[in-house]
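Student: Would you be able to build a 3D model of this:
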Amino acid sequence: METKKSEENFAPMGLTESQWAAIQAIRPLDEMEVPTDEASRPVDVYLSDARFQSEQRDLFSKVPVVATVSAYLPKPGMSLAQDCYGVPLLITRDREGVARAFINACRHRGSKLVEGDEPVQSGRVSCPYHAWTYAMDGKLVGIPRQETFPSLKKCDLGLVALKTYEAGGFIWVGLDHKESPEMLEGSDQVCADLEAFGLDNMYVYGRRKYDLETNWKFVIEPFLEGYHVQRLHADSIAKLFDDVPSVYTLLGHNQRQVSGKAGFDPAVLNGNPDNLHKYITHAYLAFPNTIVVTSPYYISVMVLCPRAANRTVVDYYMLVKEKPETEKAKELYARSFKLIDEVFGGEDFRAALIQQQGLQAGGVDTVYFGGLEKMIGPFHDSVESFLK
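Tutor: Residues are numbered from 1 along each chain as shown. Sure, this is the predicted structure:
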């Protein structure tokens, strides 16, 4: 899969050609048209257990999904147990630096090899039950008292591998070991964009998980529209933005939104790439379930893992250019990490929770999306295109 950055006139800006074209399409406040696109959906697409099972079977088991960010496993010989999707995954980086994914289950009697959910530096993983040992490439390299298993061959009992890609600063995995899904159309542009931001070489400052009693689509939708910003975020970040539409781009099933901050003038970027994240916010949906939002000093990544029709685990990462070394940087990032919890956790995720609670009561049969929410309809169209 090609994920190279544009090497034409846009390299000094650190952008792909597609990103720069979107930024140039941002218009001054008084020139923005009022969007009138409308869509709606029945509430069953959120509440129905049958619909949830269909999404799991026909979508999440059929396409690559983000397991973690590349920066979380920066060195060869690292591993990470990841259970957010309800499938016990073992993500590794082998001695050559290649990212791999396996079912986190020993081939002896099925015990999980690695517990916890933090990266571990080790050239091998050993089962805590009977100490069968595996290399980072999944090969079985050790069986205690192997003479008691005279018919077994280690070469036949490596870990169960999952289709894995590393691109755009993400490690993507196919959750069904019987499937070999290809990256979706448009993902090459998303990955090129994110690599232009340097996401593949950043440092994970902080990670936290949110276990939310709400449908995964409710959690995604606030990040696909700007209509809520002046209302939901009135006491936090609303003053940073104008109540205008973003520049929206569909990249296959993926989405990109580019927004100027309040009073944005494109001239401020001329010859000064350092101003990019100060004046521009990018928001991506890496379909089906990963959100990326840029900020002046960090990038937020949210992997939304559906666990039930009314339960979603959000795996949040805050990435920065490099590990903070000065007190000023440490204070800035700590304050930012706290703000993220207050805004995303206390406002966006809270909105998803109270939406679930309101609709579960019955009486409301349909939800509606207006012009400032125009990308939510295409998102649902994309989900539904996979369902049988």
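
Student: For the one helix or strand in the chain whose mean pLDDT sits lowest, list the C-alpha coordinates in CSV.
Tutor: In the chain, no helix or strand scores lower on mean pLDDT, DSSP states H and E than helix 276-279, which sits at a mean of 84. The C-alpha trace of helix 276-279 is given here as CSV (Å, rounded to 0.1, in the frame of the first residue of the first chain):
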residue,chain,number,x,y,z
LEU,A,276,-0.4,25.0,10.8
HIS,A,277,-1.9,23.4,14.0
LYS,A,278,-2.3,26.7,15.7
TYR,A,279,-4.8,27.9,13.1
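
Student: Show me what counts as buried in it.
Tutor: Neighbour-count burial for helix 276-279, counted by 16 or more other Cβ atoms under 10 Å, picks out 276-277, 279. (Glycine included, C-beta is placed from N, CA and C.)

Student: next helix or strand past it?
Tutor: Counting by DSSP states H and E, the element after helix 276-279 in chain order, helix or strand, is strand 280-286.

Student: Tell me the strands beside the helix or strand that that next one is followed by, with direction?
Tutor: Where DSSP H and E defines the elements, the next helix or strand beyond strand 280-286 is strand 290-294. Strand 290-294 pairs in its sheet with strand 280-286 (antiparallel), strand 299-308 (antiparallel), by DSSP bridges.

Student: looking at these, which is closest to Gly138?
Tutor: strand 299-308 (22.9 Å; Cβ to Cβ).

Student: Tell me the helix or strand right after that closest one.
Tutor: From strand 299-308, the next helix or strand downstream (DSSP H and E) is strand 311-320.

Student: Let's see that following strand as CSV, backbone CA atoms only.
Tutor: What follows is strand 311-320 as a C-alpha-only set of coordinates in CSV (Å, rounded to 0.1, in the frame of the first residue of the first chain):
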residue,chain,number,x,y,z
ARG,A,311,-21.2,-0.5,25.4
THR,A,312,-18.1,1.0,23.8
VAL,A,313,-14.5,1.0,25.0
VAL,A,314,-12.6,4.0,23.9
ASP,A,315,-8.8,3.6,23.8
TYR,A,316,-7.4,7.2,23.9
TYR,A,317,-3.8,8.2,23.0
MET,A,318,-2.3,11.6,23.3
LEU,A,319,0.8,11.9,21.0
VAL,A,320,3.4,14.6,21.0
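
Student: helices or strands up against that strand?
Tutor: Under the contact criterion of 3 or more Cβ pairs under 8 Å, 6 or more residues apart in numbering; DSSP states H and E, strand 311-320 touches strand 65-69, strand 203-212, helix 216-220, strand 299-308, helix 327-340.

Student: Now render these as TSV, adding distance to Leu184.
Tutor: Converted to TSV, these look like this (distance: least, Cβ to Cβ, whole Å):
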stretch	distance to Leu184
strand 65-69	11
strand 203-212	25
helix 216-220	16
strand 299-308	16
helix 327-340	28
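
Student: among the ones you listed, which is nearest Glu147?
Tutor: For Glu147, the closest of the helices and strands packed on strand 311-320 is strand 65-69, at 37.3 Å, according to Cβ to Cβ.

Student: which other residues reach that closest one?
Tutor: Residues from elsewhere that reach strand 65-69 (Cβ atoms under 8 Å, 6 or more residues apart in numbering): 80, 82, 85, 89, 91, 101, 169-175, 199, 202, 204, 286, 288-290, 301, 303, 315, 317, 319.

Student: again, only using 7 Å
Tutor: 80, 82, 89, 91, 101, 169-173, 175, 204, 286, 288-290, 301, 303, 317, 319 (Cβ atoms under 7 Å, 6 or more residues apart in numbering).
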